[in-house]
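# Return atomic coordinates for the entry below.
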Amino acid sequence: PSFNIAYDLTSDVVLRAAGAKVMAWAPYNQMVNNTFLNDGVLTGSGGNPDLGPYKSLNYNLSAEWYFAPQSVFAVSGFFKHVLNYIDTTPATERHYNSIRDNDPTLWSSMIGSGGCTADGFCDYSVSRPHNAGSGKIKGVTLTYQQAFGDTGFGAIANYTWADGETSQGHPMPYQSKNSFSLGPYYERGPFSARVSYSWRDHYLAGGYVAGAPPAVVDNYADLSFSAGWQFTDNLSVNFDAMNLLNEKYHQYAVGNKDEMFADYTTGRRYMLNL
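Coordinates of the predicted model:
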């Protein structure tokens with residue numbers, strides 16, 4: 001169920017309010033009933049067929065000022081009560097260790113450590129997704145868009161501040177507190193071009209290795225460029241360049257930026273379409 005209402009305060013100012021109850025199932029790979037074990041270090045990962053769906057009550061209130069043609073300045077406040085978010089954390093599970101069958105000499109040295117007993121079972125730290133309770137997110141979004149007269153130039157910008165935590169007082173996963181984007185553009189006649197820069201604050205992510213604690217993804221910026229030319233009504237060419245800064249994803253331990261978990265990059269990407 002959802003509810004939306006708009007009120008024209010003046011000829012160029014619109015007030016809006018919205019409320020909705022939403023839900024979404026977890027990805028299939030999180031719901032499948034499987035278990036992967038690393039017998040050497042006694043860690044593992046797997047799915048959880050008992051996962052319930054995400055559920056959230058969302059509320060939004062905004063004011064929009066259309067101060068010129070193709071131009072707007074808007075302020076939006078939002079509140080989300082997440083009822084059933086999903087988190088991935090390790091827990092101790094008892095499983096059979098195949099080293100007992102494949103390497104008896106090594107197995108004999110493992111008995112007595114990690115809860116391993118002569119019958120072949122050990123205590124594993126297994127990470128699985130689970131419904132972790134409720135959380136609340138509140139924030140504000142500022143949006144600006146303006147076409148500068150008949151010059152063909154314009155700009156689009158937005159900024160979002162979001163503050164959220166779980167019912168246990170922990171940060172909400174995958175949520176940046178600050179994020180913004182800026183995009184100057186030119187559109188006139190057959191030619192168009194746009195530069196887009198976006199940035200997001202660091203955020204908490206799940207463990208990427210079986211049994212590993214959650215990681216933090218560092219601040220991330222993206223710079224892109226696009227341009228196009230319309231030759232006729234039926235023929236155009238477009239060029240896109242993405243991740244021009246060749247930005248890297250840097251992941252590190254919670255509370256210790258010097259303890260790196262991973263560094264990886266997608267590289268710069270270019271596309272030409274006719």
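
# C-alpha only now, for contacts and for neighbours.
Fine.

# N29 in helix, strand or coil?
Following DSSP: H, G, I helix; E, B strand; the rest coil, N29 is assigned to helix.

# Hmm, S45 and it touching each other?
No - the pair N29 / S45 is not scored as a contact, 11.4 Å apart, by Cα atoms under 8 Å.

# So for these two, which residue has more residues nearby?
S45 (24 against 12; other Cα atoms under 10 Å).

# Which positions in stretch 175-189 come out as buried?
For stretch 175-189, a neighbour-count test (16 or more other Cα atoms under 10 Å) marks 175-187 as buried.

# actually stretch 60-69, sorry about that
Buried positions in stretch 60-69, judged by neighbour count with 16+ other Cα under 10 Å: N60, L61, S62, A63, E64, W65, Y66.

# which of the residues you listed lies closest to N102?
Proximity of the buried residues of stretch 60-69 to N102 (Cα to Cα) peaks at N60, which lies at 59.0 Å.

# right, and S167 touches G135 too?
Yes - with contact defined as Cα under 8 Å, S167 reaches G135; the gap is 5.4 Å.

# So for those two, which residue has more residues nearby?
G135 (21 against 15).

# Can you tell me, leaving aside adjacent residues, what's nearest to that one?
Spatial nearest neighbour of G135, chain neighbours left out: T166 (4.0 Å); criterion: Cα to Cα, 6 or more residues apart in numbering.

# can you check T265 too?
K248 (4.6 Å).

# Please tell me I have it right and that neighbour contacts D263.
Yes - contact criterion Cα under 8 Å: K248 and D263 qualify, at 6.6 Å.

# Look at the two and report which has more neighbours.
Looking at K248 and D263 with other Cα under 10 Å, you find the greater number of neighbours at K248, namely 18 against 11.

# Next up, the contacts around the more buried one.
Counting by Cα atoms under 8 Å, 6 or more residues apart in numbering, K248 touches Y220, D263, Y264, T265, T266.

# what's the answer for E64, then?
E64 makes contacts with V13, V14, L15, V72, F73, A74, V75, as judged by Cα under 8 Å, 6+ apart.

# three-state assignment of the residue nearest the centre of the chain?
Closest to where the C-alpha atoms of the chain average out (Cα atoms, centre = their mean) is Y174, at 4.7 Å. Y174 falls in the coil class when you classify it by three-state DSSP.

# All set now, cheers.
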